[in-house]
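# Kindly return the folded structure for what I paste below:
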Amino acid sequence: MKILVVDLDGARAASLAARVRAQDETLGVTLVRADENLLDAVQRAAPDLVIVDMERPDRDGLDSVRLLHGQEGLPVVMFVDDDDPAFMEAAIAAGVSSYHVHGAALPEIKPILRAAMAFFRHTQGLNARIAEAEGRIAARNTIEAAKRLLRTRDGLSEPAAHRLLQRRAMDQQRKLAEIAEALLCEAGQDKAGRRDG
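Coordinates of the predicted model:
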């Protein structure tokens, strides 16, 4: 497993990396360079997991974690020295998979990394299912709107409007929602054209 260690304090980062390596020599540990941001470091190191170490909770430091979560989608383990429940909530909202207050002693790292990876995969799966459900709802809403348009504009019944959309979808070998969206766009352009004229 490749790990990227992030800490604004270079000496702390090196110390944490050494302690991680001491617990498990098979872990490949890389540090963020002093002159690079987190996203650039992720591009360079291509890690499987990111460890962010903070001496004290720093909300500004969460911005890069938030960007990382949105763009790269990697599990993030965060270690802080001081307990701060509100910061923990903010860190998890920013995309941290596993949050730990460790003080001077680093806990056993391998179970933490495994748990963070498992939590991250589980969350990604949930997000994918939510996005799929939202897509189905949006498609259904688009189809219903297109049927309403056909009923009001062309005087079709609901079953007839549905059959018309289905026929067009089969003829054009496209999804029903795509045909419905195209119909709504055409109607919107026609309406805009009439206003301009």
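# What residue, apart from its backbone neighbours, is nearest the spatially most central residue of the chain spatially?
For the chain, the residue nearest the mean C-alpha position is G70 (4.6 Å; Cα atoms, centre = their mean). Spatially, and ignoring its direct neighbours in sequence, G70 is nearest to G95 (7.6 Å; Cβ to Cβ, 6 or more residues apart in numbering). In this view, the C-beta of every residue, glycine as well, is placed from N, C-alpha and C.
# Just to check, L62 is in contact with M88?
No: applying Cβ atoms under 8 Å, one finds L62 not in contact with M88, separated by 11.0 Å.
# So for these two, which residue has more residues nearby?
Between L62 and M88, counted using other Cβ atoms under 10 Å, L62 has the larger neighbour count: 21 against 17.
# Doesn't the more buried one belong to a helix?
Yes: according to DSSP: H, G, I helix; E, B strand; the rest coil, L62 belongs to a helix.
# Just after the helix ranked longest in the chain, pick out the following helix or strand.
Among the segments of the chain that qualify as a helix by DSSP state H, the longest is helix 109-154. Note on helix 109-154: by DSSP states H and E, the next helix or strand toward the C-terminus is helix 158-172.
# now the longest helix of the chain against helix 158-172, angle please.
110 degrees (axes from the mean of the first three to the mean of the last three Cα atoms, to 10 degrees).
# Mind checking the pLDDT average for helix 109-154?
Mean pLDDT, computed over helix 109-154, is 90.
# Remind me what it packs against, helices and strands.
helix 10-23, strand 49-54, strand 76-80, strand 98-101, helix 158-172, helix 176-196 (3 or more Cβ pairs under 8 Å, 6 or more residues apart in numbering; DSSP states H and E).
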